[in-house]
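Visitor: Predicted structure and sequence below. I'll ask about it afterward.
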Amino acid sequence: MTERNAYRSDLKPPPGYYLVEEMITLDGSVKLEKTVPQHTLVPGVNPYHQIIYAIVSELGKVRIETIYKSLIKEYRVMPDTGIARQAIDDIIEIMDYRAHLLYYIEKGVFHYKAGRSLDVEEVHFIDFKPGYDPIAWHILDAIKNNHTMNRDMINEFIMKDMGWITSMNSLDYYLESLEKGELWGANICSQETGNILRVRENTYQYQYPLESWGEKTLSNK
C-alpha cells in the first residue's frame, strides 16, 4: 500500500465538530465556539482526542467497539492490534477524566457521548490525511518541506507549535520508528527503507513516504 491510498473513497475524514477557542483580550479571556470542519484537525489538542471526540459528537452515543472500528477500519489512523486498542482505551480514560467524554450504562452496556468541548487557545486548521498516523504524517511532511531538520527544530514544530505530543520520549519514538520504517513496530509495519535518513547526529532528511494503514499493513499482526 502506498501514499496515494489516502484518497481512496473508503477512507473517510473525521466528521466536523465544535470546540471552544479561548481568546485573550484587554478585558480578559473570551471563549468562542468554533466549528472544526471535515478533513481538518487543529493544534493544541492531541489529534486522537480530536478524532474520537468528532466520532462521538456525530453519532450521539457509541460503544467502545464503534470507536475501535472508526479509528482502525474507517479512518485508519491506527493498526488493527491489541496494542492500538489499549492505546485507544488509555485515550478514552483521559478524555473521560477531563469530561470530554461521558459514559452511561444502557441495558447493561456501556456507551459514550460527547461531554464538554475541547479547549484550545487558538484555532487554525491543519489538513487531515486518512489512512495514516497523523503525528507521524506531519513530522515527516515537515522534514520533507524543510529538506533537513534537526531534533530541536522538530521538537519546536510538533511539541510547541502543534502541541500534539508532550514528551521528548514520544518524539524520540517517532523519529526512531520513521528512521527504521517500522511505525508501531516491525511486526506491524516494515517498509522497504526508512522514511527519514539521519545525515548527522540528531539531524534528519526525508527519504521515503509513509505507507498507509491498508489491508496489507493491517493484516501483519
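Guide: Cool, the structure landed.
Visitor: where do the strands sit along this protein?
Guide: 17-25, 28-36, 40-41, 101-106, 109-114, 118-120, 126-127, 148-150, 196-200, 203-206 (DSSP state E).
Visitor: between those strands, which gets the lowest average pLDDT?
Guide: When these are ranked by mean pLDDT, strand 17-25 comes last with a mean of 48.
Visitor: What are the structural domain limits within the chain?
Guide: Domain segmentation of the chain under automatic domain parsing yields 3-120, 132-219.
Visitor: Any chance of JSON lines for these, columns distance to I126 and mean neighbour count?
Guide: Heads up, the C-betas are built off the backbone N, CA and C, glycines and all. Formatted as JSON lines, the domains of the chain follow (distance: least, C-beta to C-beta, whole Å; neighbours: other C-beta atoms under 10 Å):
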{"stretch": "domain 3-120", "distance to I126": "5", "mean neighbour count": "16"}
{"stretch": "domain 132-219", "distance to I126": "7", "mean neighbour count": "17"}
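Visitor: what's the least confident stretch among those?
Guide: domain 3-120 (a mean of 77).
Visitor: Surely S70 touches Y53?
Guide: No. Here S70 does not reach Y53: they are 11.6 Å apart, not a contact under C-beta atoms under 8 Å.
Visitor: In PDB, could you pull the C-alpha coordinates for the helix ranked longest in the chain?
Guide: Of all segments of type helix in the chain, defined using DSSP state H, the longest is helix 82-97. What follows is helix 82-97, C-alpha atoms only, in PDB (Å, rounded to 0.1, in the frame of the first residue of the first chain):
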ATOM      1  CA  GLY A  82      -4.200  -5.200  20.700                       C
ATOM      2  CA  ILE A  83      -1.600  -2.500  21.400                       C
ATOM      3  CA  ALA A  84      -3.600   0.000  19.400                       C
ATOM      4  CA  ARG A  85      -6.800  -0.900  21.200                       C
ATOM      5  CA  GLN A  86      -5.000  -0.500  24.600                       C
ATOM      6  CA  ALA A  87      -3.900   2.900  23.400                       C
ATOM      7  CA  ILE A  88      -7.500   3.800  22.500                       C
ATOM      8  CA  ASP A  89      -8.600   2.700  25.900                       C
ATOM      9  CA  ASP A  90      -6.000   4.900  27.600                       C
ATOM     10  CA  ILE A  91      -7.000   7.900  25.500                       C
ATOM     11  CA  ILE A  92     -10.700   7.400  26.300                       C
ATOM     12  CA  GLU A  93      -9.800   7.100  30.000                       C
ATOM     13  CA  ILE A  94      -8.000  10.500  29.800                       C
ATOM     14  CA  MET A  95     -11.000  12.100  27.900                       C
ATOM     15  CA  ASP A  96     -13.400  10.700  30.500                       C
ATOM     16  CA  TYR A  97     -11.300  12.100  33.300                       C
END
